[in-house]
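# sequence unknown, structure follows:
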């Protein structure tokens, strides 16, 4: 597949050089001297590019998001690719309708996720869409099937060729957005809780980032088991929503010591702790386990500080990385598990088993993905920012629908109109965006060095900012 | 409770000084210069001592095994105690019929188990017997109830005062020996397999020391789940027995590399590995796990080399102790759990839940403790030796029945008459007892230094000797 940069309509025309790139320029790493800016990520395909699509094999074009190099939000660019992807035996071609954003995508952009090939590459681990063509040896999918897809990468584009075994039929009544929000979060939540966690009635679970995609999926799955008590951390503005969603005890980790808060209510500690944070929070989780308790760590999002790779945060996370001796495990009667769906792609049988159970629960009305917001491909930078700055409640989704001219602003295509979310967004605007902009200016000057702001953030131990995956 | 050494009838009167101790001498640590000998452990209560028992409160006496100091088999002595144990509220007095031996008891004798108070102290974590008296506030036990008991220590004696919550009613048809063999091994096996392990149909389990007490219990419990494949290590002479017991693939770890053998049959590795060995075997187990696999480590029996504490073996085990980083767990999708029932004594609710399920399985005929051999209290040294030298198939039991004069030999009271066991015992006699005696002689000279023989054993990396717990 060859790619080319779509003529970009820069919202903030800092980089004139890039904007005026000829449409046929061969795809290459952007020049090292290219100034980074958030706006650069918001490249949009011109109407010309989208209307040029012709359904002939040779002239087939489609839009794709491409990670062009490691760095800030602007490193993910919208490009137009030529040529219909060839189908191998066992594969189907999916016309993508919606894609899910995951924390691994954010890590990947910074070069912190080794399951994504080197740039240039199209990220994206999950999407929903319609089967448009079927390769040889595919017997259980046909053209027109609505499917959700799970893949190691490559799904943030308008069409994708994927193994049929990586697709799951979308049940009646599920929207494409829900279907794009479901695979990664719910399979992760399910396997952690019911395979490693072995969750049973009357147990207690601590969920970090309870308003994030995995957090909400986990809460819903906890509520399928009798008398499970859910402790969930989230900033205060999200508490009403997560309480309604089934969190028994919401904890504001920004203003309170979550360990103390848990101990007040449950002095013996927790049966299961899900830890997406890593570093010193993993130590805290371990100490907070009951006998026979299970710590399931599934990320190192504490590494993610700032828009680009923060070497100090990475080093600190590495330094604080949890390491456990078996004697301690034996004397404590404890379990430590690691989970990451991205490293489990050889295990489609296990994944399919989990998915079948999740889809049954969906049909019974027991689980339902919560969409935070939906963004056009052109807005991927803002979508990533919203997630990375922990301003989402639920899943951040990309849609492949063309972006109407009048919408070509920084706003998402649509957002849930819940009041608490609005409040939260305002807070974000007050507190975070300024920080973000300061950081970005610095970015322009010092490319790879950890920024002063981030160093300070790193040292603010008392108030760590946790992400919502 | 005050204790006194029973006038000991030494089988091998090496230690005349101890033999002639006056009956009323206050209990004290044996003098440091006391020569150690295996025979010294075989002290027996004289008929005079046992017939002196009178059921009056003041003159009440009972025989008890007492660990008098850390060291070899001879450190566990049979003594006569005076005074009926006082019952606290919630306790019952149990007339003990049979006791189970566990690996923790062997570790404790060497000073390697921190859940046993300092000597002098009566070891013993499990027994069976009859309730002889009931303390205040006990409502669910009555005089005459047949019970099995689980306790942190103190059960290797003729009577024991224990919390009623630590007793379980013996079901119809279960012998006292079976009842003494059941609690530690089956609760350990059950909680490892079904709580941490979350064993499900079609999975594979590797059981080290498959002919030991936990090994046999685990095999039986695996067979209660559909289509579970059991890999079990044991020396070749035990393979027929463990195959009949449900091990699908017996592996002779003495002559073959068990990792290679497992990979030949199951190239992807194991779903669950139970590891009582520690040290480098834990590393091997970790690498042998499938994605979503669970390693459950429940002992460090590799530390146990020789009759007394082997500092080199301990240091080596410590040096090779498995330590795991969370990033490795995440990338491997693996789980590492530690289990030890001795550290779980605050969790009687969990333990009782497990026990109730086990007793149901017993009543259904799905599990049944296998008794390797039963020994009189006087023979505790030989009983420990049999277990430590890995010559047992199933559980080693002590009985409180008085030892008839004609039986006062080194032979066990009764043993299963299976042919393979006989063969095994002969092998032991040929190969092991000599080694043992050599070691003991050395013991007399050098007390705390690691012995030359053991150093050599440590260096024989290729052929590690594993225990049967």
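In hand now; what should we look at? Quantities reported herein were computed from a predicted structural model and do not represent experimental measurements.
# Residue A:88: neighbour count?
The tally of other residues near residue A:88 (other CB atoms under 10 Å in any protein chain shown) stands at 11. Every C-beta, even on glycine, is put in place using the N, C-alpha and C of the backbone.
# what residue ranges in chain A are flagged as low confidence?
A:1-58, A:303-306, A:315-320, A:407-469 (pLDDT under 70).
# residue contacts, the residue positioned nearest the centre of it?
With distances taken as CA atoms, centre = their mean, the residue of chain A nearest its centroid is residue A:102 (1.1 Å). When contacts are counted by CB atoms under 8 Å, 6 or more residues apart in numbering or on different chains, residue A:102 touches A:125-126, A:184-185, A:213, A:469.
# got CSV for the residues you listed, with distance to chain B and neighbour count too?
Shown next, in CSV, are the contacts of residue A:102 (distance: CB to the nearest CB, whole Å; neighbours: other CB atoms under 10 Å in any protein chain shown):
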residue, distance to chain B, neighbour count
A:125, 15, 26
A:126, 18, 27
A:184, 14, 25
A:185, 17, 27
A:213, 18, 32
A:469, 13, 27
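# Just the ones in helices from these, please.
Among the contacts of residue A:102, the members found in helices (DSSP state H) are A:184-185, A:213.
# Tell me the one of those residues nearest residue B:287?
For these, the minimum distance to residue B:287 (CB to CB) is 27.6 Å, reached by residue A:184.
# pretty sure the closest one is touching residue A:217, no?
No: in this structure residue A:184 lies outside contact range of residue A:217 using CB atoms under 8 Å: 9.1 Å.
# Give me the distance between the residue nearest to residue A:236 when sequence neighbours are not counted and residue A:239.
Excluding the flanking residues, the one nearest residue A:236 by CB to CB, 6 or more residues apart in numbering or on different chains is residue A:252, at 4.4 Å. Taking CB to CB, to the nearest Å as the measure, residue A:252 falls 7 Å from residue A:239.
# Between those two, point out the one with more neighbours.
residue A:239 (19 against 15).
# what number of residues lie near residue A:76?
Neighbour count for residue A:76, taken as other CB under 10 Å: 28.
# now the one 3 residues further on
Under the neighbour criterion other CB under 10 Å, residue A:79 is assigned a count of 23.
# For it, name its beta-bridge partners.
With DSSP bridges as the criterion, residue A:79 is bridged to residue A:5, residue A:64.
# Residue A:393: what secondary structure?
coil (DSSP: H, G, I helix; E, B strand; the rest coil).
# now the strands for the stretch 251-400 of chain A?
For the stretch 251-400 of chain A, the strands defined by DSSP state E, counting those that start in this stretch cover A:270-275, A:289-297, A:323-325, A:335-338, A:371-376, A:395-399.
# these two touch, right, residue A:75 and residue A:66?
No: counting by CB under 8 Å, residue A:75 sits too far from residue A:66 to count as a contact (9.2 Å).
# between the two, what contacts are shared?
Common neighbours of residue A:75 and residue A:66 (criterion: CB under 8 Å, 6+ apart): residue A:119.
# In terms of neighbours, single out the busier of those two.
A count of neighbours by other CB under 10 Å puts residue A:75 above the other of residue A:75 and residue A:66, at 25 against 22.
# Can you give me the distance of that one to residue A:119?
Taken as CB to CB, the span from residue A:75 to residue A:119 is 8 Å.
# Common neighbours of the two, please.
What both residue A:75 and residue A:119 touch, as defined by CB under 8 Å, 6+ apart, is the set A:67-69.
# residue contacts, residue A:292?
A:271, A:333-335, B:191, B:195-196, B:344, B:347, B:350.
# actually residue A:115, sorry about that
A:104, A:108, A:152-153, A:342-343, A:345.
# how about 6 Å then?
Neighbouring residues of residue A:115 by CB atoms under 6 Å, 6 or more residues apart in numbering or on different chains: A:152, A:342.
# quick one: secondary structure of it?
Following three-state DSSP, residue A:115 is assigned to coil.
# quick one, phi psi at the nearest residue to residue A:228 once chain neighbours are set aside?
Take residue A:228 and drop its neighbours on the chain: the residue closest to it by CB to CB, 6+ apart is residue A:222, 4.6 Å away. For residue A:222, the backbone dihedrals (degrees, to the nearest 10) come out as phi -60, psi -40.
# With residue A:91 instead?
Dihedral angles of residue A:91 (phi, psi; degrees, to the nearest 10) stand at phi -100, psi 160.
# what's the distance between it and residue A:189?
In terms of CB to CB, residue A:91 sits 28 Å off from residue A:189.
# quick one, which of those two is more surrounded?
Each of residue A:91 and residue A:189 has its neighbours counted (other CB under 10 Å); residue A:189 has more, 28 against 24.
# contacting residues for that one?
A:214, A:217-218, A:221.
# Just give me the closest of those residues to chain B.
Nearest to chain B out of the contacts of residue A:189 is residue A:214 (CB to the nearest CB; 13.8 Å).
# Correct me if wrong: the closest one contacts residue A:183.
No: between residue A:214 and residue A:183 there is no contact under CB atoms under 6 Å: 11.8 Å.
# Quick check, residue A:369 in contact with residue A:177.
No: counting by CB under 6 Å, residue A:369 does not reach residue A:177; the two are 8.0 Å apart.
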